[in-house]
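**Student:** Provided below for reference: sequence and predicted model.
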Amino acid sequence: MLTIGLTGPTGAGKTTVLTALAELGYAAVDCDALYHQLLAASPALAGELTDRFGRSILNRQGQVDTKALAPVVFGDPQALADLNAIAHRHVAAACRERLQAARAAGEKGVALDAVALWESGLGALCDVTIAVVAPEEVRLARIVARDGISPAQAAQRMAAQQPSEYYVNLCDHAIVNDGSKSSQALREEVARLLSDKLC
């Protein structure tokens, strides 16, 4: 079973590449979506976050409210590092379970979409890694549209992450997803990048 790691900064278009991989027959795991599922379903994760950041991050139902958590961590490097350490541990454990299940089910392969592919230790589980990058202005517009936040808030989130070069230098391949490629062209590019691993 081939395990593919996708990574890159926020707003780079990793989800689009993940969709292309799913269309090529790979089981897709979006680690950001997985994190949000765990926020709602994992008392252990919610408990650790509440212990670290206080009950002000909870909504009326007692669940972690990411919109309340964001201003606490963005702009405070230590708080962000603490959040990442907690989140990475829980998401990585859930991803390992997904990989085991996919292997048991005889899947062709799994594609992991993870901003923190290397920091979480998931990169070591991958047979091939792909960095997805895009120009900063494209990323900024995507984040504003996706998250419904101001350009200043989007820029703050971008500044809290590593630059594109960090991801490119760590990965086996890179894809520039600036929105100029059709879905078919993107699928073909991904297939070409994986061809040496499929021989």
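**Tutor:** Cool, the structure landed. Numbers count the residues shown, from 1 in each chain.

**Student:** for the most centrally placed residue in the chain, list the residues it contacts.
**Tutor:** In the chain, the C-alpha nearest the mean C-alpha coordinate belongs to Ala114, at 2.9 Å (Cα atoms, centre = their mean). Taking Cβ atoms under 8 Å, 6 or more residues apart in numbering as the contact definition, Ala114 lies against 5-7, 31-32, 91, 95, 120, 122. For every residue, glycine as well, the C-beta is placed using N, CA and C.

**Student:** can you rerun that using 6 Å?
**Tutor:** 7, 31, 122 (Cβ atoms under 6 Å, 6 or more residues apart in numbering).

**Student:** need those in a markdown table with pLDDT and neighbour count, can you?
**Tutor:** Listed next are the contacts of Ala114 as a markdown table, based on pLDDT from 0 to 100; neighbours: other Cβ atoms under 10 Å:
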| residue | pLDDT | neighbour count |
| --- | --- | --- |
| Thr7 | 97 | 30 |
| Cys31 | 93 | 26 |
| Leu122 | 94 | 24 |
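
**Student:** show me where the chain has its strands.
**Tutor:** Secondary structure of the chain, counting by DSSP state E: strands at 2-7, 27-30, 109-113, 128-133, 173-176.

**Student:** pull up the per-residue confidence for Val72.
**Tutor:** On the pLDDT scale, Val72 is placed at 90.

**Student:** what distance do you get for the closest residue to Arg139 other than its chain neighbours to Leu193?
**Tutor:** With sequence-adjacent residues excluded and distances taken as Cβ to Cβ, 6 or more residues apart in numbering, Arg139 is closest to Gly11, at 3.3 Å. Distance, Gly11 to Leu193, using Cβ to Cβ, to the nearest Å: 21 Å.

**Student:** ok, the two, which is more surrounded?
**Tutor:** Gly11 (24 against 17; other Cβ atoms under 10 Å).

**Student:** was I right to think the more buried one contacts Ala141?
**Tutor:** No - at 8.0 Å, Gly11 does not count as touching Ala141 under the criterion of Cβ atoms under 6 Å.
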